[in-house]
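Engineer: Using only what follows, build the 3D model:
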Amino acid sequence: MTTAQRTSASSNGFPGSLTPAEVLYPDLAAELATTRRVLERVPDDEPNWAPHEKSTTIGRLATHLAQLPRFAAMMLTSSDLDVLTTKWPDDTLPTTAERLALFDSLAGEMRERVEGADWPALAETWTLRAGEHVIFSEKKSTLLRTLALSHMAHHRAQLGVYLRLRGVAVPGAYGPSADEQ
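Structural biologist: Below you'll find the model as predicted:
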């Protein structure tokens, strides 16, 4: 963080020695590590398995979880996203090794962008839209928490249920799991 950023942080009421990432996302590294531990457990044998006909497949859910850090990094480098004009990869990566490689790359970029963000950047508004229809519009600082970190925790929990149903040991997230006691 530059001297100017620290001075800006001090003028916003936060201790000058702390970065925005240290104040707002001190759990970033732990959340990313937990996500990786869950992704490591996904078996490669049946990527099209789903616990229910309305559920997404285990391979698709694991791929989505691995891709989420891309969304966080994108929020910090843009002002909006139009879901009608943005093309997203629709691929389900077939192996855990491929998902982990993608996650590691995207998580590294996310970490760098979050750790490099200053207070003014995090106070900017980011908008999700479908053409002219605004789905939501909120401060980037809030969306990084809800659409990135909390979103990852949500899908990790889903994947934990999938793993349990498949007989795979579930790693702990905020303490040991029943499989680790």
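Engineer: Which residue is the nearest non-sequential neighbour of Ala173?
Structural biologist: Leaving aside its sequence neighbours, Ala173 sits nearest to Thr34 (CB to CB, 6 or more residues apart in numbering; 5.0 Å). (C-beta placed from N, C-alpha, C; glycine too.)
Engineer: nope, Arg70 is what I meant
Structural biologist: In space, and not counting its chain neighbours, Arg70 is closest to Leu106: 4.8 Å by CB to CB, 6+ apart.
Engineer: and that neighbour, how many neighbours?
Structural biologist: Leu106 sits with 19 neighbouring residues when counted by other CB atoms under 10 Å.
Engineer: what's the answer for Ser141, then?
Structural biologist: Neighbours of Ser141 using other CB under 10 Å come to 18.
Engineer: about what we covered before: just read off the phi/psi values of the residue nearest to Ala173.
Structural biologist: Phi and psi for Thr34, reported as degrees, to the nearest 10, are phi -60, psi -40.
Engineer: hang on, it packs against Arg156?
Structural biologist: Yes. Thr34 lies in contact with Arg156 (CB atoms under 8 Å); the separation is 6.7 Å.
Engineer: residues shared between the contacts of those two?
Structural biologist: Ala173 (CB atoms under 8 Å, 6 or more residues apart in numbering).
Engineer: which stretches of the protein have low pLDDT?
Structural biologist: 1-16 (pLDDT under 70).
Engineer: the helices in it, which residues?
Structural biologist: Remark: helices assigned in the chain by DSSP state H are 3-11, 20-24, 28-40, 58-77, 96-116, 119-123, 140-143, 151-165.
Engineer: wait, doesn't Thr125 sit right on Thr142?
Structural biologist: No. Taking contacts as CB under 8 Å, Thr125 lies outside contact range of Thr142: 9.8 Å.
Engineer: circling back: who has more neighbours out of Thr34 and Arg156?
Structural biologist: More crowded of Thr34 and Arg156, by other CB under 10 Å: Arg156, with 21 against 18.
Engineer: Many thanks, I have nothing further to ask.
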